[in-house]
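Enquirer: got a predicted model here, sequence first, then my questions.
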Amino acid sequence: MNASQGDNAEEIARAQKEVKEAQEAVEKAVEAARQAHLAQVELQGALNEVKRQEEERDNKTKTLTEKSETGGVVSRNKAKAELAQHLAEVRECICFPLPLFYLFFGSFSFSFLCLCLLIL
């Protein structure tokens, strides 16, 4: 090794630059992973909420169906009317699930869709 300290200064500077760039790339990757995890947690929460709402809807349907088949004539007819109204609301939600649309397409698309529906 006959090279003096001044001869490899460029190599040292280049190596330090590469190390710095690698550290910045790692920091960006860590931040991207953190953002992906947060998005996954948020999506799981939304999915759990949808499942909760579906279970609530199914339980209400079951309860109203049972009420419409038991009891006196007046209470059965009342339960049948409530069941019909509930099922109409269910069909309306299934045909056009706005919360899911909003979840997957964001607020801008949701606002645009609402505007389009108002025009129609």
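Expert: Yep, it's here. Numbering: from 1, shown residues only.
Enquirer: what's the neighbour count on Arg76?
Expert: Residues near Arg76, counting by other CB atoms under 10 Å, number 14. Placement of C-beta: from N, CA and C, glycine included.
Enquirer: so for it, what's the pLDDT?
Expert: On pLDDT, Arg76 comes in at 87.
Enquirer: next: Glu69.
Expert: According to the model, Glu69 scores 89 on pLDDT.
Enquirer: is it true that it touches Arg76?
Expert: Yes - assessed by CB atoms under 8 Å, Glu69 is found in contact with Arg76 at 7.0 Å.
Enquirer: helix or strand for the residue sitting nearest the centre point of the chain, which one?
Expert: Residue closest to the mean C-alpha point of the chain, counted by CA atoms, centre = their mean, is Leu43 at 3.6 Å. Element membership for Leu43, per DSSP states H and E: helix 9-69.
Enquirer: what packs against that helix?
Expert: Identification of packing neighbours for helix 9-69 by 3 or more CB pairs under 8 Å, 6 or more residues apart in numbering; DSSP states H and E yields helix 73-95, helix 98-119.
Enquirer: where in the chain is pLDDT low?
Expert: 1-6, 93-120 (pLDDT under 70).
Enquirer: and Thr63, how far is that from Thr70?
Expert: Note on Thr63: its distance to Thr70, by CB to CB, to the nearest Å, is 11 Å.
Enquirer: do Lys17 as well
Expert: 80 Å.
Enquirer: for Ala29, same thing?
Expert: 61 Å.
Enquirer: go on, Lys20?
Expert: For Lys20, the distance to Thr70 - CB to CB - is 75 Å.
Enquirer: next one: Val19
Expert: 76 Å.
Enquirer: next one: Ala15
Expert: From Ala15 to Thr70 the distance is 82 Å (CB to CB).
Enquirer: report how many residues lie close to Lys60.
Expert: Neighbourhood size, Lys60 [other CB under 10 Å]: 15.
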